[in-house]
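Student: give me the fold of what follows.
(one chain, ligands or ions: 1)
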Amino acid sequence: MLSRAATASLSVSAVSANPSKSLIFFNNYPKFLCGFNTSSKNHFLNFSRLSWNANKTSRRRTQSFRAMASAQPLADAEALIDSVETFIFDCDGVIWKGDKLISGVPETLDMLRSKGKRLVFVTNNSTKSRKQYGKKFETLGLSVSEEEIFASSFAAAAYLKSIDFPKDKKVYVIGEDGILKELDLAGIQYLGGPEDGDKKIELKPGFLMEHDTDVGAVVVGFDRYFNYYKIQYATLCIRENPGCLFIATNRDAVTHLTDAQEWAGGGSMNGAISGSTQREPIVVGKPSTFMMDYLSNKFGIQKSQICMVGDRLDTDILFGQNGGCKTLLVLSGVTTSEMLKSPNNTIQPDFYTNKISDFLSLKAATV
Ligand SMILES: O=C(CO)[C@H](O)[C@H](O)COP(=O)(O)O
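Tutor: This next block holds a predicted model:
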C-alpha cells in the first residue's frame, strides 16, 4: 500500500492540471522546466520559476513511499479545530450547491470565528470575481469579506501579474465575467469573453479567421457560451503566437451548477483547447499550489496550521495535500462514501464527514 503523501504525488503526476507537470511548451516547442534560464527577464521564462519549484516538490513526493492510511471518519471535531489556525473551505459542495446554501453552514462558520479561526474560501469556479463572490456570500446571509475569497478568476490574474505579463500583450479569454473583472483590476488588457458568445463561423471556401498577434496568453475558464469561434480563436493564438501561454482556471470534470444535477465543468472547455493545440495548460486553480502559496504568503500562515475542507478528491483534497495541510472531505458535494472507499481511489484525506455542520457536535459525526 502507498502512503497518503505517495498517493498524492502519484495523483499529482497523473493530474496534468498541475503546473508542476514537467513538460511545457515554449514558442510551440516542448521544453522541460529545468532547462529554462530562470534569470531571464522575459516573462515567458520567468513563469517557469514558479512551476519549477512546484516541480521539485512533486518530484520529492514521488520519491517518498510509505504505507497508505485510509481516511478516518471525523470522530473528534474539537481536536481537529484546535490543531489548526486556519480553515480553507471549498465553496461548491461545501458551502453551497448552485445558489442553495448547505444546511448548518452559517452556524458552523460563526462557531469557528468565535474560536478565533481564520476562514478562507477557495473556489475553482471562475464565473465571478472576488467582489461578485462577496455579493453571493452576502445574499446567502454569510458575512465573508472579499479578502477572504480566492476564486480561480482572481488566480488567473494574480498568476499573470506574478510573471510580469507584459503591458503591451493581451489575454484572450474563454470564460465569463469574473475573469474579465479580475483582469481589469490587475490592469491587464484582454479580448474575448462573453462578447464572443454569439459569434458564428461560416466555413465558406477560402475563409480564414484573423487573430490578434499581440495575444500573449489564453485564459480558459468555465464558459456557458463556449462555441467553435472561441475554440478556433484560442487555437490560433496558442499555436501561432510565439510563447503564447495556455492558462486554465481549472480542469474540473463536473460540478454542481444547480443543486439538482452535476454539470460539465471547466475541464470540458480546457479539454477542447488541449485537444486542438495538443498542449497542456498551466493550471492556476486547485489542485495546483498557486493559490495555496499565494494565500499562505499573503496571510503569513504556516501550511501545517491549515485544514483544507472540500468535497472533491482530485481538486480540493489534493490541493490540501500538495500544500502540506490537514485535509477533511465532506460528503455534501460530488464525492460519495462509496467513491472514497473504492479500491480505485488513490486519494485519501485525513478525515471525512457528512457536512461541515458536523463540527457543531464537536463529537463523533456519524457517517
Ligand atoms: O468547473 C467549474 C465550474 O466553473 C468548477 O468545477 C466548479 O464550480 C468548482 O467549484 P468549487 O471549487 O467551489 O467546488
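Student: what residues does the chain have near the ligand?
Tutor: Residues of the chain found near the ligand (Cβ under 6 Å from any ligand atom) are 90-93, 123-127, 222, 250, 252, 255, 265-266. C-beta: built from backbone N, CA, C; applies to glycine.
Student: which one (most neighbours) among those?
Tutor: Per-residue neighbour counts (other Cβ atoms under 10 Å) across the residues of the chain next to the ligand peak at Asn124, which has 34 neighbours.
Student: identify the residues contacting the residue nearest in space to the middle of the chain.
Tutor: Geometric centre of the chain, nearest residue: Gly285, 1.9 Å, by Cα atoms, centre = their mean. Contact analysis of Gly285 by Cβ atoms under 8 Å, 6 or more residues apart in numbering lists 17, 124, 126, 152, 155, 248-250, 252, 266, 291, 315.
Student: looking at those residues, which is nearest Ile179?
Tutor: Ser126 (5.5 Å; Cβ to Cβ).
Student: quick check, the closest one in a helix?
Tutor: No. The assignment for Ser126 by DSSP: H, G, I helix; E, B strand; the rest coil gives coil, which leaves it out of any helix.
Student: these two touch, right, it and Ala248?
Tutor: No. Counting by Cβ atoms under 8 Å, Ser126 sits too far from Ala248 to count as a contact (9.4 Å).
Student: need the residues touching each of those two.
Tutor: Taking Cβ under 8 Å, 6+ apart as the criterion, Ser126 and Ala248 both touch 221, 266, 285.
Student: by pLDDT, give me the weakest of the residues of the chain next to the ligand.
Tutor: The lowest pLDDT within those belongs to Thr255, with 83.
Student: look up how far Ser304 lies from that one.
Tutor: Computed with Cβ to Cβ, to the nearest Å, the distance linking Thr255 and Ser304 is 29 Å.
Student: repeat for Asp168
Tutor: 42 Å.
Student: about what we covered before: including secondary structure and distance to Gln321, could the shared contacts of Ser126 and Ala248 go into CSV?
Tutor: Shown next, in CSV, are the shared contacts of Ser126 and Ala248 (DSSP: H, G, I helix; E, B strand; the rest coil; distance: Cβ to Cβ, whole Å):
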residue, secondary structure, distance to Gln321
Gly221, coil, 24
Gly266, helix, 21
Gly285, coil, 16
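Student: of those residues, closest to the ligand?
Tutor: Lowest distance from the ligand to the shared contacts of Ser126 and Ala248 (Cβ to the nearest ligand atom) belongs to Gly266, with 3.4 Å.
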